[in-house]
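**Q** predicted structure and sequence below. I'll ask about it afterward.
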Amino acid sequence: MEFIESLYQFVRELWPHLVAVTAFVLAVAASAHLVMYKKDTRAAIGWIGVVLMVPIFGAVLYGILGINRIQRRAINLRLHRNHKGGRAKKKAMDPLRAVEFPEAAHLGTLQHLIGKLTGRPLLEGNSVEPLTGGEEAYPQMLAAIDDAQKSIAMATYIFDNDRAGAMFADALERAVERGVEVRLIIDAVGARYTFPSILHRLEKAKVPVARFSPTFLPGRLPYANLRNHRKILVVDGKIGFTGGLNIREGHDAALTPSHPIQDHHFRIEGPVVAQMQEVFVSDWAFCTNEVLDSEIWFPELKTCGDVLARGISAGPDDDLDKLRLTLEGALACAQKSVAIMTPYFLPEGALISALNVAALRGVQVNIILPEANNLTLVKWASTATLWQVLERGCRVWMSPPPFDHTKLMVVDDAWVLLGSGNWDPRSLRLNFEFDVECYGGPFAEHASRLCARKRARAREVTLAEVDGRSVPIRLRDGVARLFTPYL
């Protein structure tokens with residue numbers, strides 16, 4: 001009994017000193033971590049203030065919210081993925097000849113930049129065919145699957161269990177029955193956008209399917225991180241499809257969906273298809289530990305068009321910032337015009353500056369956004385951001401409903417970026433994306449005309465309109481903008 005009383009007395013006298021030492025150690029450790037690893041100086045100063053002003057709890061809060069574990073976890077994923085997919089990557093790269101310079105001389109520095117970023121060559125001899133919505137894209141994709149003789153590689157963010165999903169599930173089942181090697185990746189969150197999930201139907205049909213990064217969090221998570229947002233279909237290693245289309249009936253106007261979605265997809269043939277396949281094979285190796293490196297996945301590819309093209313994979317790992325730097329580089333090289341179509345426009349400060357500098361140099365910068373958006377918070381936050389580009393001469397247009405999910409960028413009618421990436425933190429930092437850059441030829445002119453047609457049907461947003469919002473609306477939008485890093 002005396003021992004317990006003595007111990008109690010000792011702890012009572014000593015605990016203030018223990019708390020002080022703990023607070024000091026945590027403050028020093030958190031501050032040191034901030035100084036060494038926090039890139040944004042303003043964020044570092046703010047966090048140091050929290051750590052010092054709120055002893056112990058400030059350091060704990062920084063440990064929970066301030067450390068970028070997303071990047072660290074993604075790097076671990078990529079290291080594992082590269083180890084498993086290294087041979088396939090080498091096979092995709094070795095036989096293909098790089099092109100030194102694109103046709104447009106002033107875009108030569110952009111070609112050099114993206115080559116340094118990606119480590120992939122720019123390849124000549126590709127054909128790129130634009131497809132409007134699921135009504136054009138789905139029939140061609142399904143026909144390619146039905147014509148497949150050796151292999152089908154498919155990755156998608158959303159694969160709904162609806163009429164569109166049923167068409168693709170049936171086509172993949174027929175391919176398996178014919179003896180075609182099929183591999184399908186569906187993001188674990190995207191697989192749950194309908195209930196019940198399409199996964200049971202696919203597994204029952206013996207379609208080899210993998211979920212990307214399974215999560216225990218329930219239900220649909222439109223703001224989830226570390227998702228595979230890529231849309232890739234490669235048939236027999238020769239025919240590729242990529243763009244913005246998920247597998248869901250809303251994309252297909254022919255199905256007269258209750259919630260239609262506008263979008264564009266692209267059919268690609270030529271040497272760049274091997275780079276599409278390389279990205280898929282890397283993802284599949286990560287998901288399943290199976291390495292796909294035989295000739296049925298990587299056949300010899302011949303030139304078949306006049307488009308110079310290169311694949312750009314992006315994600316919160318060793319691919320971090322590749323998409324953002326690509327966009328900044330394209331804006332820096334622009335001499336006449338920039339057209340941007342994106343459903344989610346939440347650019348960070350560096351991109352806003354790049355857009356404004358381009359406009360101030362005399363480049364015509366047109367940003368085309370959807371009037372109706374499927375993510376309300378993103379719409380509010382985006383509206384709160386628009387004044388920053390409007391005041392420097394960029395022009396913003398709102399395309400009429402239905403919701404336009406198209407992702408496209410055209411520079412000087414000569415360079416095109418297409419694929420899955422958006423102008424928001426999710427695509428630029430948090431999710432895995434795949435895009436293709438294309439130079440010159442009739443395709444670039446076609447993409448430019450597509451943007452012009454969209455703009456002709458849209459209404460222009462002025463700075464006066466944005467500034468004229470009521471105080472409650474401006475407060476609502478401004479608060480939403482504070483969550484931009486997480487939207």
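**A** In hand now; what should we look at? Numbers count the residues shown, from 1 in each chain.

**Q** give the buried residues for the host helix or strand of residue 453.
**A** Per DSSP states H and E, residue 453 falls inside helix 441-457. Across helix 441-457, burial judged by 16 or more other Cβ atoms under 10 Å covers 441, 443-444, 447-448, 450-451, 454-455. To be clear about C-beta, it is placed using only N, CA and C from the backbone, and glycine gets the same treatment.

**Q** just give me the least confident of the residues you listed.
**A** Across the set of the buried residues of helix 441-457, residue 441 stands lowest in pLDDT, at 78.

**Q** for that residue, give me its contacts.
**A** Residues near residue 441 by Cβ atoms under 8 Å, 6 or more residues apart in numbering: 103, 305-308.

**Q** what is the most widely separated pair among these?
**A** By the measure Cβ to Cβ, 103 and 305 form the most distant pair in these, at 13.5 Å.

**Q** any idea how far residue 300 is from residue 238?
**A** For residue 300, the distance to residue 238 equals 9 Å [Cβ to Cβ, to the nearest Å].

**Q** neighbour count for these two, which is higher?
**A** Applying other Cβ atoms under 10 Å to residue 300 and residue 238 shows that residue 238 carries more neighbours, namely 20 against 10.

**Q** how far away is that one from residue 53?
**A** On the measure of Cβ to Cβ, residue 238 and residue 53 end up 62 Å apart.

**Q** could you do residue 425 as well?
**A** Between residue 425 and residue 53 the distance is 28 Å, computed by Cβ to Cβ.

**Q** quick one, which of these two is more surrounded?
**A** Between residue 425 and residue 53, residue 425 has the larger neighbour count (other Cβ under 10 Å), namely 20 against 8.

**Q** which SS state does the residue nearest to the more buried one when sequence neighbours are not counted fall under?
**A** In space, and not counting its chain neighbours, residue 425 is closest to residue 485: 5.3 Å by Cβ to Cβ, 6 or more residues apart in numbering. Following DSSP: H, G, I helix; E, B strand; the rest coil, we place residue 485 in the helix state.

**Q** any weak-confidence spans in the stretch 201-350 of the chain?
**A** Along the stretch 201-350 of the chain, segments meeting pLDDT under 70 span 216-225, 317-318.

**Q** how much space separates residue 388 from residue 363?
**A** 17 Å.

**Q** okay, those two: which has more neighbours?
**A** Counted by other Cβ under 10 Å, residue 388 and residue 363 do not tie: residue 363 has more neighbours, with 20 against 16.

**Q** so who does the more buried one touch?
**A** The neighbours of residue 363, taking Cβ under 8 Å, 6+ apart as the test, are 334-338.

**Q** ok, of the buried residues of helix 441-457, which one's closest to residue 348?
**A** residue 451 (23.1 Å).

**Q** how about that closest one, what does it touch?
**A** Residue 451 makes contact with 339, 341, 366, 368, 408, 410, according to Cβ under 8 Å, 6+ apart.

**Q** before we move on, what about residue 288?
**A** Residue 288 neighbours (Cβ under 8 Å, 6+ apart): residue 210.

**Q** over to residue 421?
**A** Residues counted as contacts of residue 421 (Cβ under 8 Å, 6+ apart) are 229, 314, 323, 407, 427-428, 433-435.

**Q** mind listing which of the residues you listed are in helices?
**A** In helices, judged by DSSP state H, the following of the contacts of residue 421 are found: residue 323.

**Q** drop anything exposed from the contacts of residue 421.
**A** For the contacts of residue 421, a burial check counting by 16+ other Cβ under 10 Å picks out 229, 314, 323, 407, 427-428, 433-435.

**Q** helix, strand or coil: sort out residue 373 for me.
**A** Three-state assignment for residue 373 (three-state DSSP): coil.

**Q** for the nearest residue in space to it that is not next to it in sequence, give its distance to residue 444.
**A** Leaving out its chain neighbours, the residue that sits closest to residue 373 by Cβ to Cβ, 6+ apart is residue 379, at 3.9 Å. Per Cβ to Cβ, residue 379 is found 30 Å from residue 444.

**Q** residue 186 sits in which helix or strand?
**A** Assigned by DSSP H and E, residue 186 belongs to strand 181-187.

**Q** list the strands paired with that strand, with their directions.
**A** strand 151-156 (parallel), strand 209-212 (parallel) (DSSP bridges).

**Q** mind listing the helices for the stretch 301-450 of the chain?
**A** 322-333, 349-360, 376-385, 387-390, 425, 441-457 (DSSP state H, counting those that start in this stretch).

**Q** residue 45: which of those helices is closest?
**A** Closest approach to residue 45 among the helices of the stretch 301-450 of the chain (Cβ to Cβ): helix 349-360, 16.1 Å.

**Q** what's next to the closest one, contact-wise?
**A** Helix 349-360 is contacted from outside by 324, 327-328, 331-332, 334, 338, 347, 365, 367, 385, 388-389, 392-394, 423, using Cβ under 8 Å, 6+ apart.
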